[in-house]
Structures are given as structure tokens and as C-alpha cells.
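>>> Kindly generate the corresponding structure for this input.
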Amino acid sequence: MKNHGGFILPDYCPRKKTGCQAYSQIVSTDLESFFCCGEHSDKQRTVAEDKYRVCFKGEHDDSIAHYDRRDLIHHASVLVGALAIIEELET
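Have a look, this model is predicted:
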């Protein structure tokens, strides 16, 4: 774990990619499934503004998405909104 500005950041990429600093992640002990979000380097960007990478790998899905800051906020907002609806429907 790296100390960066008072925050402890993950020190590795579950995909073993270089050029990406993970900011937050949940990783299974066998590294077979994970959810990770971080910033990837300029050299790896197809769209200059899309500097944030979100990776997900599970038993039946494997995806990498690149977002700008607004897209990342919208992604998080949609997930939180869906969780609120799910909670209401299931109680």
C-alpha cells in the first residue's frame, strides 16, 4: 500500500498492468475476481480526457472501461441509485 497525500492506495494492479495507479479495489484472495478503479497513464489513453480506468473481472465477465471524471461520477451515481431502488423493492 502506498501513502499518497494522507490516503493509503493499493500498490498493484490485479491485471498486472503497468501505467495504472489503483485508487480503490476489491480483490478475491485468489485474484480470480476483482473490481478496481484508478488512473492510467497518458500513453495508454485513446481519448485524452478518459484518464480513469474501471476494471471488473468475475467468473462470467471481464471488462475494462475508460472514463473522464464526469463519466466516473455518473457511473457511481447510477449504481448508488440502483442500489437504493433494489433496497426498497426487497424490503
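
>>> What helices and strands are in contact with the helix or strand that contains residue 82?
Following DSSP states H and E, one finds residue 82 within helix 69-90. On a contact count with 3 or more C-beta pairs under 8 Å, 6 or more residues apart in numbering; DSSP states H and E, helix 69-90 meets strand 52-57. Every residue, glycine included, has its C-beta placed from N, CA and C.

>>> Give me the angle between whichever helix or strand comes after the strand it packs on and helix 69-90.
Counting by DSSP H and E, the next helix or strand C-terminal to strand 52-57 is strand 62-67. Interaxial angle of strand 62-67 relative to helix 69-90 (axes from the mean of the first three to the mean of the last three C-alpha atoms, to 10 degrees): 130 degrees.

>>> Phi and psi next, for the residue nearest in space to the middle of the chain.
Most central in the chain under C-alpha atoms, centre = their mean is residue 37, positioned 2.1 Å from the mean C-alpha point. Main-chain torsions, residue 37, degrees, to the nearest 10: phi -140, psi 130.

>>> For residue 82, grab the count of nearby residues.
Neighbour count of residue 82, defined by other C-beta atoms under 10 Å: 10.

>>> Just the endpoints, please. Distance across stretch 25-34?
The straight-line separation of the ends of stretch 25-34 (C-alpha to C-alpha, to the nearest Å) is 7 Å.
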